[in-house]
Every structure is written in structure tokens, then in C-alpha cells.
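# Coordinates for the following, if possible.
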Amino acid sequence: MFDPFRNDDIKIDFPVPQRLKALMEEVEGLYQGEDEVRYEAWIGQLGTMSKSYYLANVLTEEQLNKILDRYGAW
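Numbers count the residues shown, from 1 in each chain. Presented below is the predicted three-dimensional model:
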């Protein structure tokens, strides 16, 4: 049974770097396609990439937390 965590109440309503946006779109596609194994693998990548952009001062802490909380990529 495919039952991943995703909080649809949290909207990513701010600009994100193109590579991060592409990864988020990939994750959304895997969620819609119910591809659990790839979804879980890409969630880890999403968390890592988001944190890297935060450390590089591209994302604020609030933006980082929104991304992590939406996808459960803690």
C-alpha cells in the first residue's frame, strides 16, 4: 500500500532554484504515480538539496522548513 507523507496544506509559494524545482516536480510525479520506492529515495535527495540551498543562503530557514514539512523530508 502506497501511503507516503505529504502535507497538501503547505504550499510552496516562493521562488526556488531551478534544480530544486525540477526535483520537487519529480517527487510530485512519483507521488501521483504511486511509485513508493523511488518516491522515498527522491525525498531523501529533496531534503539534502533543500538543506544545501539553505546553507548557501539561497533559501531562508522558513522556506526550508516549508519544503521539509510539506514532503516529510526531515
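
# just checking, I10 touches D69?
Yes. When contacts are counted by CB atoms under 8 Å, I10 is listed as touching D69 (5.6 Å). Yep, even glycine has a C-beta here, placed from its N, CA and C like the rest.

# Could you tell me how far V27 is located from N57?
Look at V27 and N57: by CB to CB, to the nearest Å, they are 24 Å apart.

# Check D3 too.
35 Å.

# Over to E40?
Counting by CB to CB, the gap from E40 to N57 is 29 Å.

# Looking at the two, which is more packed in?
E40 (12 against 7; other CB atoms under 10 Å).

# ok, that one - contacts?
P4 (CB atoms under 8 Å, 6 or more residues apart in numbering).

# Secondary structure element for it, which one?
helix 36-55 (DSSP states H and E).

# Okay, buried residues for that helix please.
Going by neighbour count (16 or more other CB atoms under 10 Å), the buried part of helix 36-55 is Y39, W42, I43, L46, G47, M49, S50, Y53, Y54.

# Farthest-apart pair in the residues you listed, please.
The two members of those with the most space between them (CB to CB) are Y39 and Y54, at 22.3 Å.

# what helices or strands is the helix or strand containing K21 leaning on?
Taking DSSP H and E as the criterion, K21 maps to helix 18-32. For helix 18-32, the packing partners by 3 or more CB pairs under 8 Å, 6 or more residues apart in numbering; DSSP states H and E come out as helix 36-55, helix 61-71.

# tell me how far the longest one is from the chain's mean position?
Which is helix 36-55. From the chain centre to the centre of helix 36-55 is a distance of 6 Å (CA atoms, centre = their mean, to the nearest Å).
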